[in-house]
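1. 3D model of this:
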Amino acid sequence: MWKKAFQFRLHLFITLAQQLQGQTSNCTIRALSVMVEEQKSEKPVAKFDLEKEMELRFEVERQETVQMELIAGMTEVFGTELTRNKKFTFDSGSKVAVFTWHGCTIQLTGRTEVAYVAKETPMLLYLNCHAALEQMRQQAEREDERGPRVMVVGPTDVGKSTLCRLLLNYAVRMGRRPTFVELDVGQGSISIPGTMGALYIERPADLEEGFSVQAPLIYHFGSTTPGTNIKLYNKITSRIAEVFNQRCEVNRKAAVSGCVINTCGWVKGSGYQALVHTASAFEVDVVIVLDQERLYNELKRDLPHFVKTVLLPKSGGVVERSKDFRRESRDERIREYFYGFRGCFFPHAFDVKFSDVKIFKIGAPTIPDSCLPLGMSQEDNQLKLVPVTPGRDLIHHLLSVSTAESTDENLVETSVAGFIVVTGVDTERQIFTVLSPAPRPLPKNILLIMDIRFMDLK
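-> This is a model prediction of the structure:
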């Protein structure tokens with residue numbers, strides 16, 4: 001009897017011990033799991049000590065953010081100076097180059113796709129270019145003339161937009177007020193893609209948000225490639241040049257400061273002719289060619305002898321962008337227009353009656369010359385206004401709100417007040433729903449349709 005009781009107690013003790021051991025193992029596993037998750041959630045921190053005239057280049061991983069902080073020294077990003085001990089956040093896909101003239105220490109917090117320090121950079125050449133432009137501005141002040149008008153050209157993905165930003169920032173830091181002319185319809189750094197325009201620069205670009213776009217002058221083009229309607233592209237270019245000249249007549253500071261023109265990466269055939277047309281329309285003084293000797297020699301041959309043509313190398317940090325990346329960048333640019341930088345705005349959704357607006361498309365479809373009216377050419381057809389009847393195919397299209405009061409005005413050369421996107425169409429009720437940055441009603445009733453679509457997935 002006693003032996004059986006002892007065996008029972010021993011069995012109970014062993015069972016309890018096994019249960020306790022199992023619980024301990026589970027607790028240990030859970031603790032280890034928590035530690036692993038914490039390690040995963042902790043963002044890596046890296047410090048970089050840069051000597052003078054060195055550059056830190058990094059790219060942010062997809063679905064990640066990276067914080068950058070200047071610990072010591074002085075440095076700049078595309079001509080914008082960094083404030084010490086202030087954290088700057090860069091979103092997914094950002095490509096950043098941090099340059100220092102004197103030396104500095106930079107700390108990065110977050111996961112980067114790549115981060116390295118480069119000793120060889122073209123920044124000294126870019127600075128010399130800025131210094132030459134500043135001398136031209138000083139001479140313009142002394143002799144009561146206009147300042148330099150600079151056009152930056154080159155193939156796709158050579159850093160044209162970055163160089164424009166650099167030259168504009170350096171000019172503003174010298175007390176100038178240059179005008180930024182954006183002719184790259186595929187990018188839309190002033191407004192959304194599919195537009196062209198100009199912006200009066202009064203302060204350096206914000207490191208995260210870019211230049212302040214409080215009052216840009218924007219024109220509707222409607223596509224992300226100039227080749228879809230080269231006649232319209234050249235027409236708008238001439239119109240922007242005309243408006244810029246008018247501003248220079250009444251604003252002496254704008255005239256002396258000049259302008260910096262960013263162009264498309266299409267540099268062959270009609271694209272090259274568009275570059276020559278731009279140089280003529282703006283009466284440019286300087287053409288900066290990035291990374292293509294052939295284009296440099298062609299422009300040197302075809303432009304007047306008094307136009308200074310300069311060949312500069314691209315930065316080693318410039319990388320080629322894929323079609324998917326370009327499409328995502330365009331969508332993000334449009335999303336930022338409606339929702340603000342990192343979602344700080346709340347757009348309005350409301351219905352618009354078919355009868356309350358007039359929708360047009362600039363440029364009629366190409367037809368054989370034999371079918372054109374007598375005396376009309378294909379070029380005239382590219383500037384024709386085609387009425388658009390609202391239907392279900394209007395969904396997700398972007399529409400420009402023209403500032404024109406009536407169709408009697410030249411809609412091609414009239415600026416736009418803003419943009420809306422169609423999110424739904426009800427043909428039975430004869431209304432369509434739009435997403436707008438401002439509440440109803442629309443400021444004007446003439447709308448211009450774009451080829452660009454945007455699906456509001458926020």
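
2. Centroid-nearest residue for this structure?
-> The centroid of the chain falls nearest to Ser189 when counting by C-alpha atoms, centre = their mean (3.5 Å).

3. which element is it on?
-> If you go by DSSP states H and E, Ser189 is not part of any helix or strand.

4. low pLDDT regions in this protein?
-> 1-41, 366-379, 457-458 (pLDDT under 70).

5. Do a quick rundown of the helices in it.
-> In the chain, the helices defined using DSSP state H lie at 2-41, 123-143, 160-173, 230-250, 252-257, 270-282, 293-302, 323-339, 378-382.

6. among those helices, which is nearest Arg440?
-> Smallest distance to Arg440 across the helices of the chain (C-beta to C-beta): 15.2 Å, for helix 323-339. Any C-beta I mention is one placed from the backbone N, CA and C, and that applies to glycine too.

7. can you pull the buried residues of that closest one?
-> Judged by neighbour count using 16 or more other C-beta atoms under 10 Å, the buried positions of helix 323-339 are Arg326, Ser329, Arg330, Asp331, Arg333, Ile334, Arg335, Glu336, Tyr337, Phe338, Tyr339.

8. just curious, which of the residues you listed is nearest to Pro439?
-> Proximity of the buried residues of helix 323-339 to Pro439 (C-beta to C-beta) peaks at Phe338, which lies at 13.3 Å.

9. residues touching Ala241, list them.
-> Thr278, Ala281, Phe282, Glu283 (C-beta atoms under 8 Å, 6 or more residues apart in numbering).

10. I'd like the residues you listed as CSV, with neighbour count and distance to Arg239 appended.
-> Shown next, in CSV, are those (neighbours: other C-beta atoms under 10 Å; distance: C-beta to C-beta, whole Å):
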residue, neighbour count, distance to Arg239
Thr278, 24, 12
Ala281, 18, 9
Phe282, 23, 12
Glu283, 12, 15
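
11. any idea how far Ala281 lies from Phe244?
-> 9 Å (C-beta to C-beta, to the nearest Å).

12. again with Ala417
-> Counting by C-beta to C-beta - Ala417 and Phe244 are separated by 20 Å.

13. excluding its backbone neighbours, what's nearest Phe58?
-> Ranked by C-beta to C-beta, 6 or more residues apart in numbering and with sequence neighbours excluded, the top spatial neighbour of Phe58 is Ala115, at 3.8 Å.

14. since we're on the one you found, how many residues are nearby?
-> 17 (other C-beta atoms under 10 Å).

15. Convert stretch 243-250 to PDB, retaining C-alpha atoms only.
-> Coordinates of each C-alpha in stretch 243-250 appear next as PDB, following Å, rounded to 0.1, in the frame of the first residue of the first chain:
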ATOM      1  CA  VAL A 243       4.700  85.600 -70.100                       C
ATOM      2  CA  PHE A 244       8.200  85.400 -68.600                       C
ATOM      3  CA  ASN A 245       9.300  88.400 -70.800                       C
ATOM      4  CA  GLN A 246       6.300  90.400 -69.600                       C
ATOM      5  CA  ARG A 247       7.200  89.700 -66.000                       C
ATOM      6  CA  CYS A 248      10.800  90.800 -66.600                       C
ATOM      7  CA  GLU A 249       9.600  94.100 -68.000                       C
ATOM      8  CA  VAL A 250       7.800  95.000 -64.700                       C
END
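
16. Now do it: everything it contacts.
-> Arg146, Thr179, Val181, Ala198, Tyr200, Leu217, Ala254, Ala255, Cys259, Phe282.

17. if we go to 10 Å?
-> Residues from elsewhere that reach stretch 243-250 (C-beta atoms under 10 Å, 6 or more residues apart in numbering): 146-147, 149, 179, 181, 197-198, 200, 217, 219, 254-259, 261, 281-283, 413, 415.

18. So for Ile362, which of the helices of the chain sits nearest?
-> Nearest to Ile362 among the helices of the chain is helix 230-250 (5.9 Å), distances taken as C-beta to C-beta.

19. on that earlier part again, going by distance to Glu320, which of the contacts of Ala241 wins?
-> Ranked by distance to Glu320 (C-beta to C-beta), the contacts of Ala241 are led by Thr278 at 24.4 Å.

20. how near is Ile420 to Ile190?
-> Taking C-beta to C-beta as the measure, Ile420 falls 18 Å from Ile190.

21. returning to that earlier point: okay, Ala417 and Phe244: which has more neighbours?
-> Each of Ala417 and Phe244 has its neighbours counted (other C-beta under 10 Å); Phe244 has more, 23 against 15.

22. show me what contacts His102?
-> Counting by C-beta under 10 Å, 6+ apart, His102 makes contact with Leu50, Glu51, Lys52, Glu53, Gly73, Met74, Thr75.

23. number of nearby residues for the second one?
-> The reference is to Glu51. If we define neighbours as other C-beta under 10 Å, then Glu51 has 12 of them.

24. now do the fourth one
-> A count of nearby residues for Glu53, using other C-beta under 10 Å, gives 15.

25. Stretch 430-444: which residues count as buried?
-> Here stretch 430-444 shows Ile431, Phe432, Val434, Leu435, Ser436, Leu442, Lys444 as buried, counting by 16+ other C-beta under 10 Å.

26. In strands, which of those residues fall?
-> Ile431, Phe432, Val434, Leu435, Ser436 (DSSP state E).

27. Quick check: which of the helices of the chain is nearest to Met455?
-> Per C-beta to C-beta, nearest to Met455 of the helices of the chain: helix 323-339, 8.2 Å.
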